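Undergrad: Here is my input; please provide its structure:
(chains A, B and C)
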Amino acid sequence: MTTVDVPVHEAADDWTVPSLSDAEYRWRARRYRLRTVRRAAGFLSPYLVTWGVFLAIPVGWGIFLSFNRGGLIRGDPRVFVGFENWTRTVGDSELRTAVKNTGIYVVIAIVVVFALAIFLASLLNHYKKGSNFYKVALYFPLLAPPILGAIMWFFMVNFDFGILNLIKRTIIGGDGVRFLGDNPHALLTIVSVEVWRGLGFWVLFYLAGLQSVPEELQAAARIDGAGKWRRFRRITVPTLRPLLLFALVIAVIFNFQLFDSVQVLTDGGPRLGTATVVWFIHRRLFKFQDTGLAYASSIGLLIVVLVLTGLSFWLLGKRRQREA
Amino acid sequence: MAGDVTTDPTTLTEAPPPERDEAVAMAERLAAAGRAKRLSDRSRKILAYAILTLFVVIAIGPAFYLISPAFRDSVSLFTYPPEWIPSEPTLDNYRFLFSSTGYVRWAINTLIFAGCTTILTLVTNSMAGYAFARLRFPGRNVLFFVILATLMVPVAAVLAPTYLTVNFIGDLPIIGNWIDIDTYLGLILPSAVSPLGVFMMRQFIETLPDGLYEAARLDGAGEWRIFTKIVLPLIKPALVVLGIFVFMLTWASYLWPLVAATGNDYRVLTVGIASLKGQFVTDWGVLAAASLLTIVPVTIIFLFFQKWFVQASMAGALKQ
Amino acid sequence: MAEVILRQLSKHFGSVEAVEDVTLRIPDGEFLVLLGPSGCGKSTILRLIAGLEDATAGEILIDGELINFKDPTKRNVAMVFQNYALYPHMTVYKNVAFPLETARMAKDDVAEAVQRAAEMLEIETLLKRLPEQLSGGQRQRVALARAIVRQPLVFLMDEPLSNLDAQLRLQTRLELMGLHERLGITTIYVTHDQVEAMTMGQRMAVMRDGRIQQMGQPTDVYDVPANTFVATFLGAPPMNLIAGSLVRDNGHVSFRCEGYELAIDPATAAIAPETLEEAIGEAQLGVRPEHLTLASLDDEGLPGVVRFLEPVGSDLFVSVNVNGQPVQVRMPPDTKVATGSDVRLAFDPARSHIFDADSQNLRS
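TA: From the prediction side, this is the model:
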């Protein structure tokens, strides 16, 4: 292109400093780039070491263990058993009960807690006066560790002096209810405790979602004469839908791990009526000494959770795409 | 406009008689409807607040239900009809709690456990988050994805191998004195592995303008100086949120401490209090006293810092 | 105090050639302006010199030392960013002191140096404030103070005035020039504003698509643009380009368009007569608005019809339709002319340019 002698470039060859050879240049460029790796290693290693030793390695070890039995405590040597644990998981009636209970629990708890949370969140979204007080108060159960929440309810549902039985006996008369001693009361009690604990969180969660609905949109709908129900269906539901799916997956992941309140309130009883998957794993590992099945079900739990995690990322990704 | 006419009767005086009657009737009808609507609005409002209040009572009621049993003799609990206000309030339960159980020890252990886990998490996660947000190195995205994939790994799913890992390290020379089952570090380290904080920190650090980082480099600052002098001060809010979140999660945790701290020396509050509830016989008064004593300070702290707490709890779900 | 040399410098982002084969020599103490539209690679050159990007190929030398593989923290160049990049959590004092404290300078020396820089930029009274409490112009000064406080070898400025309002821009421009005069630090200044480039630069390099189009003193570049890009990028309104062709008649090469012909004197051409032959074909005639005048129909010149009049106070810009193309003419404000009238556009052939089919200027 350049047929014209315009001072675009200055002659490079009359300069005193010699150029590097190609090989030298490439070598030094590479060494220079590697300095970022050293730096990154410095910043990453504290976390990577902790994570690697206490999470990544255990995950791998756990997968290996699922083909073994024993080896958890001294005097119980580890034996490789191949797929035996996995085939046994299908037939074990206690595990089957635990899975069934967990499933029932997850479904009821999530349906109830979501319905209540969306209801209360829309109330709080509409009646703003004093909503801060209500938010704080509803959040309260989350402050106490699950164990303490369960113990509070241990007092509430006591056969002799629990307030629920006192009310029942005073109003309806007759004997008290064995909230923790009978099936299916025990499982329903556990569901209630967990609903009580989780409600505040989900109210705030959905309230945040609702408040992301632009005020103008609501106002516009009101002016258009849209009724309450219509507004709820046309505006609220579509805003919450992406949230709802994501929340659902998260809630399943969390609730699937129900353990603390079962352990402290019923210890799986009565007659395995409140046995859950994590309770089963803990019991087989540290009480029952039937480790093989526990190893396999740990990995089963891991797979379920990983799949659900993948699902939640996918949902988030979709939401981001939509927003973009 | 029709609306003006019906709501303002004075403008109707000049209207012809027949129309006037009609208009007045209409105005009255509308006014009645308005009153009915207002009334129903008000009753709806009352109903809404009644429902909210009911749920508040349910939310905080169980804690209050501990007060009475905590200050009286367990036997008196079983009288019927119930005696709400103890006739002979007593501090015996607390005396027992402090003298005959490990409550104080558990509380100290819990502070050490949750405090160290929080500090460790903040340090490692902010550093790793910085590396993922700002430093370019090969394999960055793959490594981040692999770490992120372990975000939800349940404690229960890796309970046995984690226990074995800690046990294994416990058998090693020197380091085994520090990290083992029934040691603080054995309790803390496996509790400080969640990548949630790394993810949060990365997101937050990425929102800082590139210019700051570049200006600091040209000002001669190395990565460590940029991290401590520029990045950390600017992400303080995120650090507070993450810190509260981790602390709350850790001190409430139960399963890992149950397995990793079996002896009384390293037992934490959750495990300790749960152990007060006996398999067959329970000292109700002591159990209530211990539970109450544990939640009161948290509640007070919460009331002071509620805004941060709420943000922290949302951090887990929404910050993603 | 340093000479900066860029030798065949290239930076590619994937398949995008942000900077391509740039060779420059910036003598010690020079104020060089890199001018070009956004995305032309001028900022990338700054970032390469600063070390914020790694070059794909080519070398950067400061005072004869190759710095390609030297960490930016050690290059001792200072940069003023478009958005100032002040540390929002530090006071003005801390901001200015940061590079010195990083260099572990003694506390008293730091205070003294900050004080000196603050005086020079008249920000002594702001030292205790946070950046968010400052106006745009004040932030600008703080950013400058932070840059000069440690006496860097090279000053890099990335559109430092673009966030200021017009009034302040004018004032700061003069101050920057004063500052450069006083400190004598080699300065590379990036801008897309031709006024800044013309007024501030001792030399300027006009860039497009990662390549330097022309390099030289601002007035030279303005007077003899190397190609149509430079011709139209500089000047407001830009140089008029009139399409036509180069023809040979009786051994003489001339530019011809409808109703007009301009002979080319081989003596003033930028290329040898032999190569001039190769340029025969499509071409464009370029004349700046201020070199055109409206002449009567009897005079020699381009024939056209007046379309619009734009009085701007100091001048009257007349838009004339020449062969279907608009041509801008700058006239004194009191010129009497009516739209729709037929005119001729007269100009001094010595101040006109001929661009060949490759857009290169054939005049020198």
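
Undergrad: going forward, measure contacts between C-alpha atoms and count neighbours the same way
TA: OK.

Undergrad: The residue lying closest to residue B:260 once chain neighbours are set aside and residue B:107, how far apart?
TA: Sequence neighbours aside, residue B:181 is the residue nearest to residue B:260 in space, at 5.2 Å (criterion: Cα to Cα, 6 or more residues apart in numbering or on different chains). Here residue B:181 is placed at a distance of 19 Å from residue B:107 (Cα to Cα, to the nearest Å).

Undergrad: Of the two, which one has the most company?
TA: The neighbour count for residue B:181 versus residue B:107, taken as other Cα atoms under 10 Å in any protein chain shown, is higher for residue B:181 (25 against 18).

Undergrad: isn't that one right up against residue B:261?
TA: Yes: here residue B:181 lies in contact with residue B:261, judged by Cα atoms under 8 Å, at a distance of 6.4 Å.

Undergrad: any residues in contact with both of the two?
TA: Residues touching both residue B:181 and residue B:261 (Cα atoms under 8 Å, 6 or more residues apart in numbering or on different chains): residue B:187.

Undergrad: secondary structure class for residue A:103?
TA: helix (DSSP: H, G, I helix; E, B strand; the rest coil).

Undergrad: actually residue C:237, not the one I typed
TA: Assignment for residue C:237 (three-state DSSP): coil.

Undergrad: which ones are touching the closest residue to chain C within the stretch 151-300 of chain B?
TA: Nearest residue of the stretch 151-300 of chain B to chain C, counting by Cα to the nearest Cα: residue B:220, 3.9 Å away. Taking Cα under 8 Å, 6+ apart, we find residue B:220 in contact with C:72, C:73, C:74, C:76, C:99, C:102, C:103.

Undergrad: Quick one, grab the pLDDT at the first one.
TA: For residue C:72, the model assigns a pLDDT of 91.

Undergrad: same check, this time on residue A:132
TA: Per-residue confidence (pLDDT) for residue A:132: 83.

Undergrad: Show me what the helix or strand hosting it is packed against.
TA: Residue A:132 belongs to helix A:131-139 when assigned by DSSP states H and E. On a contact count with 3 or more Cα pairs under 8 Å, 6 or more residues apart in numbering or on different chains; DSSP states H and E, helix A:131-139 meets helix A:185-211, helix B:17-64.

Undergrad: Reformat those helices as JSON lines; add mean neighbour count.
TA: Formatted as JSON lines, these follow (neighbours: other Cα atoms under 10 Å in any protein chain shown):
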{"stretch": "helix A:185-211", "mean neighbour count": "22"}
{"stretch": "helix B:17-64", "mean neighbour count": "14"}
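
Undergrad: Can you check which of the ones you listed gets nearest to chain C?
TA: Per Cα to the nearest Cα, nearest to chain C of the helices and strands packed on helix A:131-139: helix A:185-211, 29.2 Å.

Undergrad: Against which helices or strands is the closest one packed?
TA: helix A:93-126, helix A:131-139, helix A:146-156, helix A:237-255, helix A:260-265, helix B:306-318.

Undergrad: Averaging pLDDT over each of these, report the lowest-scoring one.
TA: Among the helices and strands packed on helix A:185-211, helix B:306-318 carries the lowest mean pLDDT, at a mean of 65.

Undergrad: what ranges do the strands span in the stretch 1-150 of chain C?
TA: Along the stretch 1-150 of chain C, the segments classed as strands by DSSP state E, counting those that start in this stretch run C:4-13, C:16-26, C:31-35, C:57-62, C:65-66, C:77-80.

Undergrad: Show me which residues of chain B sit near chain C.
TA: B:209, B:211-212, B:214-222, B:230, B:233-234 (Cα under 8 Å from any Cα of the partner chain).

Undergrad: among these, who's most crowded?
TA: residue B:219 leads those on contacts (other Cα under 10 Å) with 29 neighbours.

Undergrad: which non-adjacent residue is nearest that one?
TA: residue C:99 (4.6 Å).

Undergrad: Report the contact partners of the one you found.
TA: B:216, B:219, B:220, B:221, C:146, C:150.

Undergrad: before we move on, back to that, which positions in the helix holding residue A:132 come out as buried?
TA: A:131, A:134, A:135, A:136, A:137, A:138, A:139 (16 or more other Cα atoms under 10 Å in any protein chain shown).

Undergrad: Same check on stretch B:105-124?
TA: Buried positions in stretch B:105-124, judged by neighbour count with 16+ other Cα under 10 Å: B:105-107, B:109-118, B:120-124.

Undergrad: near chain A, which residues of chain C?
TA: Close to chain A, as judged by Cα under 8 Å from any Cα, chain C has residues C:7, C:22-25, C:59, C:64, C:68-70, C:212-216, C:226, C:270-271, C:358, C:360-362.

Undergrad: what about the closest residue to chain B within the stretch 151-300 of chain C, how many neighbours?
TA: At 9.8 Å from chain B, residue C:152 is the closest residue in the stretch 151-300 of chain C, using Cα to the nearest Cα. Residues lying near residue C:152 (other Cα under 10 Å) number 19.

Undergrad: my read: it touches residue C:73, true?
TA: No: the criterion here is Cα under 8 Å, and residue C:152 misses it with residue C:73 at 11.7 Å.

Undergrad: Out of the helices and strands packed on helix A:185-211, which one sits most buried?
TA: Of all these, helix A:146-156 carries the top mean neighbour count, a mean of 24, counting by mean count of other Cα atoms under 10 Å in any protein chain shown.

Undergrad: which secondary structure elements does it contact?
TA: helix A:163-171, helix A:185-211, helix A:260-265, helix B:17-64, helix B:269-276, helix B:284-304.
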